[in-house]
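Visitor: model this:
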Amino acid sequence: MQNSLFFSSPSDPSTPISVCRSLTHTVRRTGSRGCGAERGEPIAGPGGARRAACVGAKMGQAGLVLGGRGLCGVGSACTEAFPPPLLRVCRIYVYTHRRMAITAEDVWLEKVIPIAEGFAVEEGTNTLQGSDVTVRIRSEGDGLTVQLPFGSHTRTFLQEVSKCSTGTCWEFLCCLLEPVLPVPLYGHILLCGGTGPNEAGQGVCLSCASPHSSAFTSRQSKLKPEVTTETVRSSSVMVSNMASILSEPKFGLRDTIVKSELVQREDSYTYIQNFRFFVGTYNVNGQSPRESLQPWLRCDSAPPDVYCVGFQELDLSKEAFFFNDTPKEEEWFKAVTDSLHPDAKYAKVKLVRLVGIMLLLYVKADLALNISEVEVETVGTGIMGRMGNKGGVAIRFKFHNTSVCVVNSHLAAHTEEYERRNQDFKDICSRMQFCQSDPNLPPLTISKHDVILWLGDLNYRLEELDVMKVKQLVDEKAFPELCQYDQLKRQMNAKAVFEGFTEGEISFQPTYKYDAGCDEWDTSEKCRVPAWCDRILWKGQNIAQLSYRSHMALKISDHKPVSSVFDIGVKVVNEELYRKVFEEIVRSLDKMENANIPSVTLSQREFHFEDVKYMQLQVEKFTICNGQVPCQFEFISKPDEVTYCKEWLIANPSKGFLLPGSEITIELELFVNKSTATRLNSGEEKLEDILVLHLDRGKDYFLSVTGNYLPSCFGSPIHTLCYMREPIQDMSAESIRNLTLMPLEMSNNATQAEKPLEIPKELWMMVDHLYRNASQQEDLFQQPGLRSEFEQIRDCLDKGMHDTLFGSNHSVAEALLLFLESLPEPVICYKFYNSCLECANNYLLSSQIISNLPECHRNVFEYLMAFLRELLKNSGKNNLDVNILASIFGGLLLRPPPGHHVPDITEKRKAQQFIHQFLLRENNLS
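Guide: Have a look, this model is predicted:
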């Protein structure tokens, strides 16, 4: 259940008041989706005349912003239409919605609580360490309960609510969100009407409803509220972003120049102050918290200022893996909150989770106002590069004037897979991108932060030593000698991973693998070699590690938790010095001639990408050198085109700002994937594009991009491949074009010189390899392969170089999945999608659908089902079961047609059930 409260204060706009929390999670689930806004897009207010600020949080936290004039209403209900004296009727609107509310049908009005005589607000007793202040609001025998973060701003909020019942009435809205599945209460408080940026990071402020608004109707009509206020990203004017506020009336470029100059001169108006950070990581092996976490989280006498707590394998169930849904999130959140240091009050800033990888960020309540620009992101690196059983989650924020990024990752398992772990790390770094508060700025990567704290089950093992030798060295506490065989240390020394990061000296015994419930090493049949899987590293300046240790007292998992305490020097702003620097910058800008036209020099204007291959990134670089005038640049779209470049190309960064005499390197990244490969194979599209680099108040520069694409079986239709007896790269471009463009309906009776193959030879090679070599492979189709090996497999299939495929079983299995995903027409044709879902529980009807498939598609389906049934015969060794295979292949063989909405959980389950039927039966459908 989730609560959201919207309130507009009559406070003076020049003194905005805030409690900082981020509402990113709620906005993305309920605000953005439920209100029809895309993630990250601004929600425009009436005439653009109002800006509102909001923050919020999940259970144990809430946020609010007071300040700003007037009330942003729904539709026409704003202060321009209804001046404050007319807004006398006050109500609380209570509505419910399903947990995963997506459309208006998921939301309906429950009741209306009038704010009239007898209205009262009562503050409850805070009994849970780190939780919020409980506030009960009642009126005429009805009421509700919300939770607010402790601190002076909660006190201010209560005062403002009191005004609501005693002075001018300001209408506010409280939303109780009721999920279909039972989950604990979530509390969120949002307030409208602030004029400055949101200190807490991203959030959406929904509007208040006027007494005459039709935004909320009866439960039967189930209409969602219209959103009329604008998305903002911070809750108060911080010293560090004051420039953007003061310079706003000037021309647009002025804001960027001021910000850039302030960053360059930061040392002149900031000083370093140390804060204590506790960083902890724990792989809990799917267990529930049956023991107190105090030995881990309260291990020091002095309370830390900030807690960064990460978990891995929070839930190992198939439900969590395939649908990212688990009740254990709340169990472990409560266990952490109950175990925080008793000598301080903490507020939860953010929680982020990807399947079983969860990260929690707490801060001392009296420091909460110094946290801003909170953002979260997740990256899955599991099978096919996106499954969330492996990957990373991150929270980034500004603490005073220092940017901090905390990453919690769970990398690939097994001793021999260290290259895969290296690749996972690089994928997380390259794909983890955080939106900035200024939408004109490019996303931030992990490396663009002052302080980076990286924790998690990194899964690096000890190599070259047998289990007995490792245990002997552990008993002797010969940890320095043992570290010489640690894969992470070796890979860092080779600069293959975590370059620029530091890890403290390891003076504790390996944290993996133990028998659950005790401190004994693994006594199972596998008898794993002990290893330091659980690690904490850091990168940045002014960081001093005070401790690095494991905690043997916790025994529920096969891992032991690890913690590290840091003193981190944070840049704090001296406001008087800041004001002087700011005024100097503004004075110098006033002297600048606005008529000056910016110009730049490009190091290169023509780019050719040679021999581009499917899913193999190529990068070309060039430099933009600026002249004597500050300039803002951006790649812009050409007339009649929506984007600035073709789908297979991207410029990084695509926009930016240059001070006089400075330069920037631009990377042009060319990457062909499933969405572009088919048209490139057929020759309908070529690797040709013109980029337009535009300078604000300056001229445009044109860049030519060309390349040649090597055709691939990946992205080719099934019936096309069945007519190709030669490797695709041995065929002429005209033959490939004719076969690719041949309609599927003609494939059954096409007049070709040769009879088509029953199934594509490329598919046969991969399946045959797996059948002969991987039937008993542990975690097949669940463990990712190596990208380098995938490239070898692709080349082998496209060129026919070898009779056998090179690479690990996991790489071949992943290549098979990527092949099926790349098919422009899935194995079960698009036109049968809805019919398949309707008869997902009727084997007879399902069989009839398969019998109606084109012959080549039907052959492929039967071949794959026979292969998967063979794998299930070895489920005792490969850890596969019918539900896993049905879930993986259901989403590949049975895909929604283009333009169809993204499948929800119900559709995914039906697709799984459809495949499930055929995995349990061996009837021949032909």
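Visitor: average pLDDT for the longest helix along the chain?
Guide: Across the chain, the longest stretch assigned as helix under DSSP state H is helix 855-872. On average, the pLDDT along helix 855-872 is 96.
Visitor: same question, stretch 615-626
Guide: Per-residue scores along stretch 615-626 average to 96.
Visitor: could you shift the numbering so residue one becomes 124, and keep it that way?
Guide: Will do, 124 is the new start, and the previous item becomes stretch 738-749.
Visitor: what comes into contact with it?
Guide: Applying C-beta atoms under 8 Å, 6 or more residues apart in numbering, the contact partners of stretch 738-749 are 721, 723-728, 730, 732, 735, 756, 781-796, 816, 826, 830, 837, 913-914, 917, 941. Heads up, the C-betas are built off the backbone N, CA and C, glycines and all.
Visitor: give me the buried subset of these.
Guide: Buried members of the contacts of stretch 738-749, counted by 16 or more other C-beta atoms under 10 Å: 721, 723, 730, 732, 735, 756, 781, 789, 791, 793-795, 816, 826, 830, 837, 913-914, 917, 941.
Visitor: in helices only, show me those.
Guide: Going by DSSP H, the helices hold 913-914, 917, 941 from the buried ones among the contacts of stretch 738-749.
Visitor: these two touch, right, residue 708 and residue 385?
Guide: Yes. With contact defined as C-beta atoms under 8 Å, residue 708 and residue 385 form a contacting pair (6.8 Å).
Visitor: pLDDT below threshold where in the stretch 924-1049 of the chain?
Guide: 1045-1049 (pLDDT under 70).
Visitor: do you know the pLDDT at residue 447?
Guide: 70.
Visitor: for residue 475, name its beta-bridge partners.
Guide: Beta-bridge pairing for residue 475 (DSSP bridges): residue 482.
Visitor: residue contacts, it?
Guide: Contacts of residue 475 were listed using C-beta under 8 Å, 6+ apart, and they are 148, 481-482, 499-501, 516-518.
Visitor: so which of these sits lowest on pLDDT?
Guide: residue 148 (30).
Visitor: picking up where we left off before, could you dump the ones in helices among the buried ones among the contacts of stretch 738-749 to JSON lines with distance to residue 994?
Guide: Below are these laid out as JSON lines (distance: C-beta to C-beta, whole Å):
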{"residue": "913", "distance to residue 994": "20"}
{"residue": "914", "distance to residue 994": "25"}
{"residue": "917", "distance to residue 994": "23"}
{"residue": "941", "distance to residue 994": "18"}
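Visitor: now for these: which two are most distant?
Guide: Maximum pairwise distance among these (C-beta to C-beta): 11.4 Å, between 914 and 941.
Visitor: helices or strands next to the helix or strand containing residue 863 in the packing?
Guide: Assessed by DSSP states H and E, residue 863 sits inside helix 856-864. The contact analysis (3 or more C-beta pairs under 8 Å, 6 or more residues apart in numbering; DSSP states H and E) places helix 856-864 against helix 797-805, helix 841-845.
Visitor: mind running it again at 7 Å?
Guide: Applying 3 or more C-beta pairs under 7 Å, 6 or more residues apart in numbering; DSSP states H and E, we find helix 856-864 packed against helix 797-805.
Visitor: what angle separates the helix it packs on from helix 856-864?
Guide: Angle between the axes of helix 797-805 and helix 856-864 is 130 degrees (criterion: axes from the mean of the first three to the mean of the last three C-alpha atoms, to 10 degrees).
Visitor: what does helix 797-805 rub up against?
Guide: With C-beta atoms under 7 Å, 6 or more residues apart in numbering as the test, helix 797-805 has contacts from 737, 770-771, 795, 808, 832, 834-835, 837-839, 859-860, 863-864, 944-945, 947.
Visitor: now the buried members of those.
Guide: Buried residues within these, defined by neighbour count using 16+ other C-beta under 10 Å: 737, 771, 795, 808, 832, 834-835, 837-839, 859-860, 863, 944-945, 947.
Visitor: looking at these, which one is closest to residue 391?
Guide: Out of the buried ones among the contacts of helix 797-805, the member with the shortest distance to residue 391 (by C-beta to C-beta) is residue 771, at 45.4 Å.
Visitor: for that closest one, what are its contacts?
Guide: 793-795, 799.
Visitor: list the single closest residue to it in space, sequence neighbours excluded.
Guide: Among residues not flanking residue 771 along the chain, residue 799 sits closest, at 4.7 Å (C-beta to C-beta, 6 or more residues apart in numbering).
Visitor: show me the contact partners of the helix holding residue 863.
Guide: Against helix 856-864 from outside (C-beta under 7 Å, 6+ apart): 801, 804-806, 834, 839-840, 843, 846-847, 851.
Visitor: now distance to residue 394 and pLDDT too, for these, in a markdown table please.
Guide: What follows is the contacts of helix 856-864, written out as a markdown table (distance: C-beta to C-beta, whole Å; pLDDT from 0 to 100):
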| residue | distance to residue 394 | pLDDT |
| --- | --- | --- |
| 801 | 58 | 95 |
| 804 | 60 | 95 |
| 805 | 63 | 94 |
| 806 | 63 | 93 |
| 834 | 61 | 97 |
| 839 | 62 | 96 |
| 840 | 64 | 96 |
| 843 | 67 | 95 |
| 846 | 72 | 93 |
| 847 | 69 | 93 |
| 851 | 64 | 95 |
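Visitor: for the residues you listed, which one is nearest residue 691?
Guide: Nearest member of the contacts of helix 856-864 to residue 691, counting by C-beta to C-beta, is residue 801, at 50.3 Å.
Visitor: ok, the closest one - how many residues close by?
Guide: 21 (other C-beta atoms under 10 Å).
Visitor: distance check, it against residue 914.
Guide: According to C-beta to C-beta, to the nearest Å, residue 801 stands 20 Å off from residue 914.
Visitor: same question, residue 658
Guide: Distance, residue 658 to residue 914, by C-beta to C-beta: 29 Å.
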